[in-house]
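Peer 1: fold the following and give me the result.
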Amino acid sequence: MSETFDFEHFVRLPRLSGLSISPHGDRLIMTVSKPHVDGKKMASALWEIDLAGDRPPRRLTRSAAGESSGAFLPDGSVLFTSARPDPEAIRPDEEDSDAAPGLWLLPADGGEARLLLAPKGGVEAIRVARRSGTVALAVNLFPGTSDVAADAERAKARREAGVDALLFESYPIRHWDHYLGPREKRVLAAEAPAGPADPLGPPRDLLPDVGTRFEEMGYDITPDGATVVASLASFDDLTDLGADLFAIDVASGRRRAITPGDAWYDAPACAPDGGTVACIRVSKGSPEQAECAALWEVEISTGMGRALAPTFDLWPTSPVWAADGSAVYFLADRDGRGAAFRADVATGNVTCLVSEGTLGELVAAPDGDTLYALRSTLRTTPEVVRLAAGGEDQTPALIASPASDADHVGAPGVATRIEGRAPDGTPVGGWLVVPREASADAPVPLLVLVHGGPLGSWTDGWHWRWNPQLFAARGYAALMPDPGFSTGYGREFIQRGWGRWDRVYDDVIAVVDAATARPEIDAGRTALLGGSFGGYMANWVAGHTDRFRAIVTHASLWELRGFHGTTDTGAWWEAEFGNPYRDPGRYLEQSPSAHVAEIRTPMLVIHGERDHRVPISEALRLWTDLQRHGVPSKFLYYPDENHWILKPQNARLWYGTVLAFLDKHVLDRPWERPALL
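Peer 2: Modelled structure (predicted):
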């Protein structure tokens, strides 16, 4: 057993996701990820929890390629995705070394898994009709191809011709970490195998002509398997982006819009009776008015819509129906926690089910009385919990899971809620994680972590990317402020930062002042770190104060006018900053680059080449400007990462470099360059 909480211990902790419950409510499956044996990537497998308590958690799958996206068929069989090779293939496919995830079936009796479908572009997601068992798959196919076989022929022709070029005819052309091509995301519907050895029914393409509109959008299928509801974005007018729900008849393929084109509708969840769909409706923003989210219900046959929780002021996500259709459960940040709620469909009344810690992956049991979820805190990793569907402000019961037997070393930091006051008197909250040994006699240095988003929050939950416990283990306190723009404090709090990112600076500093006033914090030894929007704020802070000894800026925005044209969907930002072709004033006024001449603080710049949301051009411009102005700075560059640092070996170097940089400038220790860099 490891005796210290360090990166090696941290990275070995199991990561749970993708909860799915069996039709009879007696089994819960999930994806569990750990570092691969080669240490260069994460590997995943499906695990099962016997909810009756008769058996301990057990691993269901095992392969070098890994498995994920588990979903139950009505007979208790499990569908999942994996890029593992087909064991019945006569000879390996020449592309198997770079295979995409196929669709696999694990029989209910626990026999050998078998391959059902292997599209060359891969299976991204699985939805199963709860009664009929009809399967709706999100897959990637070449435009103009009608099925998996035709897609494979197109792929073969491109490979043999040595062609990698892409031709784009519409906007956008890339998303997060990849270019949108040459394949397009579609939905294929097929009947489930009739028996343990039977094939999947012939897949039917339900979205043959949507181009890039279905990229990273949600979908669901009605319990009878007759209708798929999918969210499709619209890019026809780049000054008025939106997304609508479409009902698609599985038998005929006919598609019709069921929302009126007035907002962004996504995360559809079909009701148990198949008559309506719950979703999240996000209003369209403008430079004067922030967008806001609402829990929404749409009647599939008529398109009539209504708010399910009309007085709810927070930002709802992840709707899940009760088994009898009487309620919709959902998640929302609230006062620095990730809470779970129940909305009564008949009355619109909202009840908070769990308000402590952070919950995710809500799953409703078929008995109607029970919910399952993942719950974590700033000191504990996500674990499986049970809660009463009709409860209120309850403490959920912990259930033995693959995370329960992990080599847990006590987290070294103690989390405390903290609050500052902005110059206008607004209270601004956050979390302060302090090493247990800190005291007035032995104050510790402070690291300020600004969250990304910008719509987001530092909740009392476990963070796999920016983990404050790793900093606490090195003797630093970690402050995690929720400035204006943060979710969990109501719409007006979001409005205070909307379109005025520069104003968020005062909120951050207000919480820093509150933290540094505490006797266990050494106010003379502080640094600030941030990624994405947090990186923007790190850059802004660097140009507006010298109070910090060091700044770490990761995947950060530097020059907003140029960013508009290079980010993956620049038109999206016009709802907040306006039309830059008519008036670039907001972009120019709020760009940290305008203040480069004022920067004196040493800065560590970090960026991944494959980041298309905040392109590498932002880091290159920032780096050049810092060097040109003589700012002490370093640049940690990842050619194989995107907006996030995902590979274990790269994350190890990230923490190693960041801590070495902080140790030099905050603790006045000699700079120690990481050995592999």
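Peer 1: what are the ranges of the helices in this structure?
Peer 2: Assigned by DSSP state H, the chain shows helices spanning 7-12, 148-161, 468-472, 491-495, 504-516, 533-542, 560-566, 574-577, 585-589, 616-628, 648-667.
Peer 1: residues of the fourth one that come out buried?
Peer 2: Neighbour-count burial for helix 491-495, counted by 16 or more other CB atoms under 10 Å, picks out R491, F493, I494, Q495. All C-beta atoms are positioned from the backbone trio N, CA, C, and that covers glycine.
Peer 1: looking at the helices of the chain, which is closest to V37?
Peer 2: helix 648-667 (11.3 Å; CB to CB).
Peer 1: how about the closest one: buried residues?
Peer 2: Here helix 648-667 shows 648, 650-666 as buried, counting by 16+ other CB under 10 Å.
Peer 1: could you export the buried residues of helix 491-495 as TSV, including distance to Y638 and pLDDT?
Peer 2: Supplementary listing: those in TSV, determined by distance: CB to CB, whole Å; pLDDT from 0 to 100:
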residue	distance to Y638	pLDDT
R491	37	96
F493	34	97
I494	32	97
Q495	36	97
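Peer 1: before we move on, the earlier item: pick the most deeply packed of the helices of the chain.
Peer 2: When you average the neighbours per residue for each of the helices of the chain (mean count of other CB atoms under 10 Å), helix 533-542 leads with a mean of 28.
Peer 1: alpha carbons only: can I get stretch 122-141 in CSV?
Peer 2: Only the C-alpha atoms of stretch 122-141 are listed here, as CSV (Å, rounded to 0.1, in the frame of the first residue of the first chain):
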residue,chain,number,x,y,z
GLY,A,122,-16.7,3.4,-34.9
VAL,A,123,-19.7,3.3,-32.6
GLU,A,124,-19.8,6.4,-30.3
ALA,A,125,-22.9,5.7,-28.2
ILE,A,126,-25.7,3.2,-27.6
ARG,A,127,-29.4,3.8,-26.8
VAL,A,128,-31.8,0.9,-26.2
ALA,A,129,-35.6,1.0,-26.3
ARG,A,130,-36.6,-0.2,-22.8
ARG,A,131,-39.5,-2.4,-24.0
SER,A,132,-38.8,-3.4,-27.6
GLY,A,133,-35.0,-3.6,-27.3
THR,A,134,-34.5,-1.7,-30.6
VAL,A,135,-31.0,-0.4,-30.6
ALA,A,136,-30.1,3.2,-31.8
LEU,A,137,-26.4,3.6,-32.4
ALA,A,138,-24.4,6.8,-33.0
VAL,A,139,-21.9,5.9,-35.7
ASN,A,140,-19.6,7.7,-38.1
LEU,A,141,-20.1,7.2,-41.9
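Peer 1: that stretch: which residues count as buried?
Peer 2: 122-130, 132-141.
Peer 1: likewise stretch 199-219?
Peer 2: Per 16+ other CB under 10 Å, stretch 199-219 contains these buried residues: 200-201, 203-208, 210-215, 217-219.
Peer 1: endpoint to endpoint, it covers what distance?
Peer 2: Stretch 199-219 stretches 24 Å from its first residue to its last (CA to CA, to the nearest Å).
Peer 1: distance from the chain centre to that stretch, please.
Peer 2: Chain-centre distance of stretch 199-219: 22 Å, with CA atoms, centre = their mean, to the nearest Å.
Peer 1: likewise for stretch 496-505?
Peer 2: That offset, for stretch 496-505, works out to 23 Å (CA atoms, centre = their mean).
Peer 1: contacts for it, please.
Peer 2: 285, 287-290, 426, 454, 483-486, 507, 533, 536-537, 540-541, 544, 576-577, 586, 589-590 (CB atoms under 8 Å, 6 or more residues apart in numbering).
Peer 1: picking that back up, okay, the helices of the chain in a markdown table with distance to H607 next?
Peer 2: Output for those, formatted as a markdown table (distance: least, CB to CB, whole Å):
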| stretch | distance to H607 |
| --- | --- |
| helix 7-12 | 21 |
| helix 148-161 | 31 |
| helix 468-472 | 21 |
| helix 491-495 | 27 |
| helix 504-516 | 22 |
| helix 533-542 | 9 |
| helix 560-566 | 13 |
| helix 574-577 | 22 |
| helix 585-589 | 20 |
| helix 616-628 | 4 |
| helix 648-667 | 11 |
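Peer 1: of the ones you listed, which is nearest A364?
Peer 2: helix 491-495 (27.7 Å).
Peer 1: list the contacts of that closest one.
Peer 2: Residues outside helix 491-495 that contact it (CB under 8 Å, 6+ apart): Q289, A290, C292, D313, W315, T426, L455, G484, F485, S486, T487.
Peer 1: any quick PyMOL command for the buried ones out of those?
Peer 2: In PyMOL syntax, the buried subset of the contacts of helix 491-495 is picked out as below (16+ other CB under 10 Å):
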select buried, resi 290+292+315+426+455+484+485+486+487
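Peer 1: I'd like the contacts of helix 491-495 as TSV, with pLDDT and distance to I399 appended.
Peer 2: Formatted as TSV, those follow (pLDDT from 0 to 100; distance: CB to CB, whole Å):
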residue	pLDDT	distance to I399
Q289	96	43
A290	96	39
C292	96	35
D313	97	32
W315	98	28
T426	96	40
L455	95	32
G484	95	38
F485	90	36
S486	97	31
T487	97	28
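Peer 1: ok, so of the contacts of helix 491-495, who is nearest G274?
Peer 2: For these, the nearest to G274 is W315 (27.8 Å; CB to CB).
Peer 1: how much space separates that closest one from D393?
Peer 2: Applying CB to CB, to the nearest Å, the value for W315 to D393 is 20 Å.
Peer 1: any idea how far apart the tips of stretch 591-600 sit?
Peer 2: From its first residue to its last, stretch 591-600 covers 17 Å (CA to CA).
Peer 1: in it, what counts as buried?
Peer 2: S591, P592, S593, V596, I599.
Peer 1: and the pLDDT for M30?
Peer 2: Looking at M30, its pLDDT reads 98.
Peer 1: again but with K40, I slipped
Peer 2: Listed pLDDT for K40 reads 89.
Peer 1: just T516 next, same as before
Peer 2: Looking at T516, its pLDDT is 98.
Peer 1: for it, give me its contacts.
Peer 2: Contacts of T516 by CB under 8 Å, 6+ apart are L446, A523, T526.
Peer 1: what would these look like in a markdown table with neighbour count?
Peer 2: Formatted as a markdown table, those follow (neighbours: other CB atoms under 10 Å):
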| residue | neighbour count |
| --- | --- |
| L446 | 27 |
| A523 | 15 |
| T526 | 22 |
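Peer 1: so which of the residues you listed comes closest to E361?
Peer 2: Nearest to E361 out of the contacts of T516 is L446 (CB to CB; 33.0 Å).
Peer 1: okay, which residue of the protein is out on the far edge from center?
Peer 2: Ranked by distance from the centre of the chain (CA atoms, centre = their mean), the top residue is D441, with 40.6 Å.
Peer 1: distance of that residue from Y476?
Peer 2: Taken as CB to CB, the span from D441 to Y476 is 18 Å.
Peer 1: again with G144
Peer 2: Taken as CB to CB, the span from G144 to Y476 is 55 Å.
Peer 1: the two: which is more packed in?
Peer 2: Ranked by neighbour count (other CB atoms under 10 Å), G144 and Y476 place Y476 first, with 28 against 11.
Peer 1: how close does the more buried one get to Q469?
Peer 2: Distance from Y476 to Q469, counting by CB to CB: 11 Å.
Peer 1: give the contact list for the nearest residue to V512 once chain neighbours are set aside.
Peer 2: Residue nearest to V512 in three dimensions, not counting chain neighbours: V448, with 5.7 Å by CB to CB, 6 or more residues apart in numbering. Taking CB under 8 Å, 6+ apart, we find V448 in contact with L479, P481, V508, V512, A515, T526, A527, L528, L529, F548.
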